[in-house]
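[1] fold the stuff below for me.
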Amino acid sequence: MNEFENKTVLVTGSGKGLGSAIALEAAKRGCNVVVHYRSNEESAKRVFAEVQSTGCKCMLIKADLGVQEEIDSMFSQIESEFGGVDILVNNAAMQ
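    Numbers count the residues shown, from 1 in each chain. Just a heads-up that it's a prediction; the model follows:
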């Protein structure tokens, strides 16, 4: 068993780019993965499908990290599904 197996990782901004690569690598290492996105649902769904294909437990969440209520909702959903977040990769950014 590796140190990441069965840990829950939230990768913010994982619907594309570096975040998607991090989410996929976490899945390959046995993590439960939360794929987060703000606006590009199509891309996020592709990443989610790729992560899901590894056989890990995962979920897809849309949330605007500039809105506290959406952050609270995201963490409530994660808590319900996985019991909380073990690893946070704070990747989301505005360009």
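
[2] avg pLDDT for the lengthiest helix in the chain?
    For the chain, the longest helix by residue count, based on DSSP state H, is helix 68-82. Regarding helix 68-82, the rounded mean pLDDT is 98.

[3] list of residues touching that helix?
    For helix 68-82, contacts defined as Cβ atoms under 8 Å, 6 or more residues apart in numbering pick out 8, 10, 32, 34, 36, 57, 59, 61, 63-65, 84-85. Glycine gets a C-beta too; all of them are placed from N, C-alpha and C.

[4] tell me which two of these sit farthest apart.
    Pairwise distances among the contacts of helix 68-82 were taken by Cβ to Cβ; the largest, 24.6 Å, belongs to Lys57 and Asp64.

[5] so those two - more neighbours on which side?
    Lys57 (16 against 13; other Cβ atoms under 10 Å).

[6] now do the contacts for that one.
    So Lys57 contacts 32-33, 81-82 (Cβ under 8 Å, 6+ apart).

[7] tell me the spacing between it and Phe82.
    Using Cβ to Cβ, to the nearest Å, Lys57 is found at 7 Å from Phe82.

[8] which residue, neighbours along the chain excluded, lies closest to Leu65?
    Here the nearest residue to Leu65 in space, its sequence neighbours aside, is Ala92; by Cβ to Cβ, 6 or more residues apart in numbering that works out to 5.5 Å.

[9] before we move on, what about Lys45?
    The spatially closest residue to Lys45, leaving aside those adjacent along the chain, is Leu60, at 6.9 Å (Cβ to Cβ, 6+ apart).
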